[in-house]
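> I would like the atomic coordinates for the input below:
(one chain, ligands or ions: 1)
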Amino acid sequence: MMPTKRKNISKQRMVSVEKGKTYRIRLAVESDREFIDGLNYDSFKVAFQLQEAISDDEAYKKYRKIEDEDPLDPFGAGHIVFIAENEKDKAGLIWLAKREPFYVFKEPLVWIYNINIKEQHRGNGLSKILLDRAEDWAIEAGYSQIGLHVIEQNKIARTLYEHRGYEQISQHNSSCFYLKRL
Ligand SMILES: CC(C)(COP(=O)(O)OP(=O)(O)OC[C@H]1O[C@@H](n2cnc3c(N)ncnc32)[C@H](O)[C@@H]1OP(=O)(O)O)[C@@H](O)C(=O)NCCC(=O)NCCS
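Residues are numbered from 1 along each chain as shown. Okay, the predicted model is just below:
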């Protein structure tokens with residue numbers, strides 16, 4: 001099967017991040033699916049292991065159960081993934097989707113399903129670049145709000161969001177829900 005060609009596939013951005021490194025930000029294509037799944041698992045694993053002492057194998061089983069019960073397709077309607085890469089390597093991604101109001105979110109919004117930078121590329125400012133890209137996409141798509149869920153124990157991610165203007169609007173157990181008005 002031919003890879004799905006997105007309408008604005010040519011809309012790529014070259015970005016220079018901290019420490020003089022250059023990355024390309026582009027839309028994901030079908031051949032990125034394994035990379036997207038891998039980083040989706042990694043973010044679940046981070047969340048599980050910050051909450052309880054479980055092995056990678058146990059974390060993977062837990063992740064598979066959640067995915068199998070409620071599968072989400074990063075190439076489904078309303079979903080979009082941006083990939084950050086350099087000439088050698090895919091470095092990270094942000095996975096977004098358009099959503100109707102739900103829970104404490106009273107207006108349609110763009111939802112960040114995942115943001116994950118591979119360990120060797122962390123600390124270069126890439127996540128901030130990907131959040132900017134996501135917010136631009138949300139505005140271009142006519143949305144004025146962007147939201148996400150993160151666990152309370154994920155201090156690094158929470159600091160990132162709070163410094164980028166995301167406000168925690170609800171908490172349920174260890175689940176923190178953030179919103180940014182664009
Ligand atoms: C959270 C994550 C995406 C940050 O990516 P990154 O590209 O390394 O982050 P950046 O270099 O852009 O730094 C962004 C901000 O994150 C915070 N941060 C990043 N690394 C940090 C660290 N080691 N300690 C404390 N804060 C840190 C800082 O607030 C930083 O902003 P600053 O440089 O202005 O202080 C990355 O650590 C990651 O992929 N983690 C695993 C997956 C995850 O937890 N995803 C979030 C799911 S909700």
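
> Name the next helix or strand downstream of the longest helix seen in the chain, please.
Ranked by number of residues, the top helix in the chain under DSSP state H is helix 33-51. Downstream of helix 33-51, the next assigned helix or strand under DSSP states H and E is helix 56-69.

> Next to the ligand, which bits of the chain? Give me the list.
Residues of the chain that fall close to the ligand, judged by C-beta under 6 Å from any ligand atom: 43, 46, 115-117, 122-128, 150, 154, 156-157, 159-160, 163. For glycine as for every other residue, the C-beta is placed from the backbone atoms N, C-alpha and C.

> Same question for stretch 52-69: list its buried residues.
Within stretch 52-69, the residues that count as buried by 16 or more other C-beta atoms under 10 Å are 59, 62, 63.

> Dump the residues you listed to CSV, plus distance to residue 170.
Listed next are the buried residues of stretch 52-69 as CSV, based on distance: C-beta to C-beta, whole Å:
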residue, distance to residue 170
59, 26
62, 24
63, 24
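
> This structure: strands as residue ranges?
Secondary structure of the chain (DSSP state E): strands at 13-16, 22-27, 79-85, 90-99, 109-117, 145-151, 167-172, 175-181.

> Which positions in the first one come out as buried?
I take that to be strand 13-16. Neighbour counts using 16+ other C-beta under 10 Å place residue 15 of strand 13-16 among the buried residues.

> cool, and the fifth one?
Within strand 109-117, the residues that qualify as buried by neighbour count (16+ other C-beta under 10 Å) are 109, 110, 111, 112, 113, 114, 115, 116, 117.

> Out of the strands of the chain, point me to the one whose mean pLDDT is lowest.
The weakest mean pLDDT among the strands of the chain belongs to strand 13-16, with a mean of 81.

> ok, and what's touching that strand?
By C-beta atoms under 8 Å, 6 or more residues apart in numbering, the residues outside strand 13-16 that reach it are 22, 23, 24, 25, 26, 84, 129, 133.

> Go again with 10 Å.
Applying C-beta atoms under 10 Å, 6 or more residues apart in numbering, the contact partners of strand 13-16 are 21-26, 82, 84, 125-126, 129-130, 132-133, 136.

> do the same with stretch 130-140
For stretch 130-140, the external contacting residues (C-beta under 10 Å, 6+ apart) are 8, 11, 13, 15, 23, 25-27, 80, 82-84, 91-96, 98, 109-112, 115-117, 143-146, 148, 160-161, 164-166, 180, 182.

> Excluding chain neighbours, what is closest to residue 22?
Closest residue to residue 22 apart from its sequence neighbours, by C-beta to C-beta, 6 or more residues apart in numbering: residue 16 at 5.2 Å.

> do you know how far that neighbour is from the ligand?
13 Å (C-beta to the nearest ligand atom, to the nearest Å).
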